[in-house]
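Enquirer: Here's my sequence, what's the structure:
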Amino acid sequence: MMSFSRRPKEEVPEVETNVWSCTSDDCQGWMRESYSFAAEPKCPLCQSAMAQEVRVLPEMK
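Expert: Model prediction:
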């Protein structure tokens, strides 16, 4: 019989991150600012305008 260990998951620190967020009420699209190549990107899901905001997200290394 196999047993699987349940090690505690490693905590990922969360940091304030600049993001672009879709301005459409019908869309939940957003992306990290550092992953955008455009100065003012369009939403990749619905092509609406996006606005900058800050979210607390897991840190990317």
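
Enquirer: quick one, what contacts M31?
Expert: V19, W20, P41, P44, M50 (Cβ atoms under 8 Å, 6 or more residues apart in numbering). Glycine gets a C-beta too; all of them are placed from N, C-alpha and C.

Enquirer: Need the max-distance pair from those residues.
Expert: The largest separation in those, counting by Cβ to Cβ, is between V19 and P44 at 13.0 Å.

Enquirer: Who has more neighbours out of these two?
Expert: V19 (19 against 13; other Cβ atoms under 10 Å).

Enquirer: mind listing the strands in this structure by residue range?
Expert: Remark: strands assigned in the chain by DSSP state E are 14-22, 30-32, 50-58.

Enquirer: Tell me which of these sits nearest to P8.
Expert: Of all these, strand 50-58 comes closest under Cβ to Cβ, at 16.5 Å.

Enquirer: Any regions of the protein where pLDDT drops low?
Expert: Scanning the chain for pLDDT under 70 picks out 1-5.

Enquirer: picking up where we left off before, turn the strands of the chain into JSON lines, including distance to P8.
Expert: Output for the strands of the chain, formatted as JSON lines (distance: least, Cβ to Cβ, whole Å):
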{"stretch": "strand 14-22", "distance to P8": "17"}
{"stretch": "strand 30-32", "distance to P8": "27"}
{"stretch": "strand 50-58", "distance to P8": "16"}
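
Enquirer: and the gap between the nearest residue to S48 once chain neighbours are set aside and Q47?
Expert: Spatial nearest neighbour of S48, excluding adjacent residues (Cβ to Cβ, 6 or more residues apart in numbering): S24 at 4.0 Å. Per Cβ to Cβ, to the nearest Å, S24 is found 9 Å from Q47.

Enquirer: The two: who's more crowded?
Expert: S24 (15 against 11).
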